[in-house]
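Trainee: Any chance you could fold what I've pasted below:
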Amino acid sequence: MPSRRTVQVASLILQELSLLLQREIKDPGIGFVTLTDVEVSPDLRAARVYFSVLGDEQAVQQSREALERASGFLRHELAQRLTLRSVPELHFVRDRSIERGQRIRELLRAIEEERKPSSEG
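Mentor: Below you'll find the model as predicted:
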């Protein structure tokens, strides 16, 4: 279970990274990225930044590469904005939970359609 401190740091990082992506990053490769969560290691040296992207696999790959290219700048900006001894190394991970949720909705809709009584008869 994460400590209160790691949860707090993760929340701050998510908030600041979201603002940085909106206002500071001008790379068109990032596309329609939404940061969904941040998990920080117990020693605060590494952070997994979960993101989702509107688009196909190519858009996801382009966005991941653009985020990786920007990670040095993002860490530098986080160091300026947060009072941490050291800023965690950022690792960007695709969040598939939205896709899974959509798939579940589709399956439930299909089951509902199958259960409807047919109008024949």
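
Trainee: quick check, residue 43 in a strand?
Mentor: No: the assignment for residue 43 (DSSP: H, G, I helix; E, B strand; the rest coil) gives coil, which keeps it out of a strand.

Trainee: Look at it and say how many residues are nearby.
Mentor: 9 (other C-beta atoms under 10 Å). Just so you know, the C-beta spots here come from the backbone N, C-alpha and C atoms, and that holds for glycine as well.

Trainee: Residue 93 too?
Mentor: There are 13 residues near residue 93, going by other C-beta under 10 Å.

Trainee: Offset the numbering so it begins at 8, please.
Mentor: I'll keep to 8 as the first residue from here, and by that count the last item is residue 100.

Trainee: and it, helix, strand or coil?
Mentor: Strictly by three-state DSSP, residue 100 counts as strand.

Trainee: Now do it against residue 45, distance only.
Mentor: Distance from residue 100 to residue 45, counting by C-beta to C-beta, to the nearest Å: 10 Å.

Trainee: Mind listing the shared neighbours of these two?
Mentor: Both residue 100 and residue 45 are in contact with 55, 56, 57, where contact means C-beta atoms under 8 Å, 6 or more residues apart in numbering.

Trainee: who wins for neighbours among these?
Mentor: Using other C-beta under 10 Å as the neighbour criterion, residue 56 leads the shared contacts of residue 100 and residue 45 with 23 neighbours.
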